[in-house]
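Engineer: Show me how the following folds:
(chains A and B)
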Amino acid sequence: MLRFAVRRLISMVFVLFAISVLVFLIFNVIPNGDPAERLAGKTPTETEINRIRAEWGFNDSLPAQYVTTMKKVFTGDLVSYFTRLDVLEEIVKGIPRTFSLAIGAALLWMITAVVFGLFSAVKAGKFADRGLTVLALVGISMPVFWIGALMNHYLGFKAGWFPNGGYVPITENPFDWAYHLILPWTALAILFIGFYSRVLRSNVLDTINEDFVRTARAKGLSERRVLLKHVLRNSMIPIVTLWGLDFGAVVGGGAILTETVFDLQGVGQYAADSIGQLDVPPVLAITMFGAFFIVFLNAIVDIAYAALDPRIRLQ
Amino acid sequence: MATDPAATELSLQHPAESVPPGAEGGQAAAGLSPSRLALRRLGRNRTAIAFGVLFLLLVGACLAAPLWADHVAKTKPETNHLTDQIVMDGKRVDVVSTGGIPIGPTWQREFFLGADDNGRDVMVRLLYGGRNSLLIGVGAALMTTLMSIVVGLVAGYFRGWVDGVIRQVLDIIWAFPVILLGVALGVALALGGLKLGPISVSGDSILIPTLVIAFVYVPYMARPLRAQVLSLREKEFVEAARAQGAGPLRIMFTELLPNLVSTILVFFTLMVANAILLEAALSFLGAGVRPPATSWGTLIDSGVDRITSAAHLTIVPGVMLLLTVLSLNVFGDGVRDALDPRAKVRLEH
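Structural biologist: Model prediction:
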């Protein structure tokens, strides 16, 4: 177990390094032309371009530029090219918002998907099952920003049932916090409810024919107990794995669309704004942050998986 | 990675509903090839066929965009009608009101689905934009498929360090949130265009989002293909081919590739659906299709800005996108159930 964890850690560091290089290259090599000219505005003078070049180290070789940038990431004095604001400070400001969105949405999609998936499996082939299957497919076929914008307009703006965007810190007023986040949570959760309920449905249908379920029924356990204690618990393992990975993906940038539509000003929206301006430092830091989350949760899920299911540890 | 999400989605079908390929249709099925049997199973799935037809109708409608524009709506996608009036129920109505609010769906030949802020016909723009969305979706899915086939075959066949390097690269791309990588690449490429040797693509070409989308989805398809090649290459028929003196290229493309076809087909349909969705997301964030070109993504993007005054500008392209992606998803499910009910396919947005 310890050796496994150490190996995971080493590969994690390697992947993060490779990601930082990749992001750096995307923004410094792919765009043709001089970044200093882009920074200098519309009508730059020669001296101003030279000044910017020296200031940001654009005259150095690429590896040297990379090292300078990464040093700044780790010492925390990375500043945005454009706004001159401290990048880490801005990210820290966005983290509670992004986490509030991700945690609520993750709980919502998990609970809803388990209810839908189990119900669908129990009613397999019946009308209710077909209806839920269609709903799930509709859910995964909608762009999140589209349904988000419609919800915001019709439920928030027109009906006035929900606040029109905005964010209230949980420390200030937990009720208002949740009230402001209901629409973003729902919008973000819809896609995942579609995926998860389908996966759970097929897992339950696979498990229901296993011998241990027949044994449980033969023992005279109630159908409810068989379903919840025996079938559901065994069908949940792959779902929990997905849950960890998707939570990481949502925190690490997957919420970029939801945050933008509801103007939550989280990390994702910061990334979207910075990318639009080709502001390399924030994008580099946010992508590192996002990749860290994804890789980290991957490792956690692997280890948790091994701890939960002894059969995996044996392999 | 041990917890590949691709390994967790299983068949949608109830075990009792699925027919084992061997027990198909009694006597008549005995002489049929597996692909014939699959087609027959697909043909029996009425829902899948209905949605497949719906998709073809949507494609047909977009292809017929010039016909609608010239003969029904009598306008071009970029023609403004700011000061024009049309006749509705015998009364003359402004296309764009003096307050700047465009007309909603009229359900008649002109402005069937309403107008936008500049008085342009939404129906015409929708059909023309759909051409780009579909082109990007199908183009990106084709490119992803080709790249994944090559990568999967090479990694799975040669194993060893080649496989090690490829797997590591795929894992790195996979660790990126799809949308962040897509947006980053989209913006960077749009700035100066793409110059690779003799190939030069201008920054506002729709080839840029196509390439970006194709690239970010490669790991999702290449990883399962590679895993399949790894197990296929140990089979007797590969050994037999090798004993006959077949080289690596021959084994990869004439022995292994045909065995991957069902997985590839299943992936392809779902890949088109996801590519269309990702195009919309990238365009919404300003990293996809660039003006003056339009797509359903750019239409939704500009619609969302005006949602309070003219909600139809958001609803119309979104519903079109939803119908297209939904039809592909339902049809793709049917293809999977017909070809290989146990296929493990899952894509992310």
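
Engineer: low-confidence ranges in the chain?
Structural biologist: As the question left the chain open, I've gone with chain A. Scanning chain A for pLDDT under 70 picks out the ranges A:1, A:4, A:31-35, A:37-44, A:56, A:306-315.

Engineer: look at chain B instead
Structural biologist: Chain B contains residues with pLDDT under 70 at B:1-30, B:197, B:340-349.

Engineer: Can you report how many residues lie near the residue of it found nearest chain A?
Structural biologist: Among the residues of chain B, B:Gly192 lies closest to chain A, at 2.8 Å counting by Cβ to the nearest Cβ. For glycine as for every other residue, the C-beta is placed from the backbone atoms N, C-alpha and C. Residues lying near B:Gly192 (other Cβ atoms under 10 Å in any protein chain shown) number 13.

Engineer: How much space separates it from A:Val29?
Structural biologist: In this view, B:Gly192 and A:Val29 are 11 Å apart by Cβ to Cβ, to the nearest Å.

Engineer: Kindly tell me how buried A:Thr69 is, as a neighbour count.
Structural biologist: Number of residues near A:Thr69 (other Cβ under 10 Å) recorded here: 20.

Engineer: Check the gap between it and A:Met288 for me.
Structural biologist: Counting by Cβ to Cβ - A:Thr69 and A:Met288 are separated by 11 Å.

Engineer: same check, this time on A:Phe145
Structural biologist: From A:Phe145 across to A:Met288, the span is 25 Å (Cβ to Cβ).

Engineer: I'd assumed B:Arg92 was in a strand, is it?
Structural biologist: Yes - according to DSSP: H, G, I helix; E, B strand; the rest coil, B:Arg92 belongs to a strand.

Engineer: mind listing what it touches?
Structural biologist: B:85-86 (Cβ atoms under 8 Å, 6 or more residues apart in numbering or on different chains).

Engineer: again, only using 6 Å
Structural biologist: B:Arg92 makes contact with B:Gln85 under the criterion Cβ atoms under 6 Å, 6 or more residues apart in numbering or on different chains.

Engineer: So is the longest helix anywhere in chain A next to chain B?
Structural biologist: Criterion DSSP state H: the longest helix present in chain A is helix A:87-122. No - contact of helix A:87-122 with chain B (Cβ under 6 Å from any Cβ of the partner chain) is absent, the minimum separation being 8.5 Å.

Engineer: Give the next helix or strand downstream of that helix.
Structural biologist: Counting by DSSP states H and E, the element after helix A:87-122 in chain order, helix or strand, is helix A:127-140.

Engineer: if we look at that next one, which residues are touching it?
Structural biologist: The contact list for helix A:127-140 (Cβ under 6 Å, 6+ apart) reads A:116, A:120, A:123, A:190-191, A:193-194, A:197-198, B:329-330.

Engineer: just to revisit the earlier point, out of A:Phe145 and A:Met288, which sits in the more crowded spot?
Structural biologist: Using other Cβ under 10 Å as the criterion, A:Phe145 and A:Met288 rank with A:Phe145 on top: 26 against 20.

Engineer: So which residue is dead centre in the chain?
Structural biologist: Went with chain A since none was named. Note on chain A: the residue nearest the mean C-alpha position is A:Val250, at 0.9 Å, using Cα atoms, centre = their mean.

Engineer: Let me rephrase: I mean chain B.
Structural biologist: Centroid check for chain B by Cα atoms, centre = their mean gives B:Val272 as the closest residue, at 1.6 Å.

Engineer: ok and the one helix or strand that residue maps to relative to helix A:127-140, angle-wise?
Structural biologist: B:Val272 belongs to helix B:257-284 when assigned by DSSP H and E. If you take axes from the mean of the first three to the mean of the last three Cα atoms, to 10 degrees, helix B:257-284 sits at 60 degrees to helix A:127-140.

Engineer: Sort out which residues of helix B:257-284 are buried, please.
Structural biologist: Across helix B:257-284, burial judged by 16 or more other Cβ atoms under 10 Å in any protein chain shown covers B:257, B:260, B:262-284.

Engineer: do stretch A:14-27 as well
Structural biologist: A:15-16, A:18-20, A:22-24, A:26-27.

Engineer: would you turn those residues into a markdown table with secondary structure and distance to B:Arg40?
Structural biologist: Listed next are those as a markdown table, based on DSSP: H, G, I helix; E, B strand; the rest coil; distance: Cβ to Cβ, whole Å:
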| residue | secondary structure | distance to B:Arg40 |
| --- | --- | --- |
| A:Val15 | helix | 46 |
| A:Leu16 | helix | 50 |
| A:Ala18 | helix | 47 |
| A:Ile19 | helix | 47 |
| A:Ser20 | helix | 52 |
| A:Leu22 | helix | 46 |
| A:Val23 | helix | 49 |
| A:Phe24 | helix | 53 |
| A:Ile26 | helix | 48 |
| A:Phe27 | helix | 52 |
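
Engineer: ok, and of the residues you listed, which contact chain B?
Structural biologist: Taking Cβ under 6 Å from any Cβ as the test, chain B is in contact with A:15, A:18, A:26-27 out of these.

Engineer: Could you report the neighbour count for B:Arg131?
Structural biologist: For B:Arg131, the neighbour count with other Cβ under 10 Å is 17.

Engineer: Next, count neighbours for the closest residue in space to B:Gly193 that isn't next to it in sequence.
Structural biologist: Spatial nearest neighbour of B:Gly193, excluding adjacent residues (Cβ to Cβ, 6 or more residues apart in numbering or on different chains): B:Gly203 at 4.2 Å. Counted by other Cβ under 10 Å, the residues lying close to B:Gly203 total 15.

Engineer: Quick check: the gap between B:Gly203 and B:Trp68.
Structural biologist: Distance, B:Gly203 to B:Trp68, by Cβ to Cβ: 30 Å.

Engineer: go on, B:Val272?
Structural biologist: Distance of B:Val272 to B:Trp68, computed by Cβ to Cβ: 23 Å.

Engineer: Let me know the secondary structure of the residue in the stretch 201-315 of chain A positioned nearest to chain B.
Structural biologist: Of the residues in the stretch 201-315 of chain A, the one nearest chain B is A:Gly253, at a distance of 3.4 Å by Cβ to the nearest Cβ. Look at A:Gly253: counting by three-state DSSP, its state is helix.

Engineer: What's the separation between it and B:Gly182?
Structural biologist: Using Cβ to Cβ, A:Gly253 is found at 10 Å from B:Gly182.

Engineer: So for these two, which sits in the more crowded spot?
Structural biologist: Neighbours per residue (other Cβ under 10 Å) separate A:Gly253 from B:Gly182, with A:Gly253 holding more: 30 against 24.

Engineer: okay, now the nearest residue to B:Phe176 once chain neighbours are set aside: neighbour count?
Structural biologist: In this structure, B:Phe176 finds its nearest non-sequential neighbour in A:Ala291, 6.3 Å apart by Cβ to Cβ, 6+ apart. Neighbour count for A:Ala291, taken as other Cβ under 10 Å: 27.
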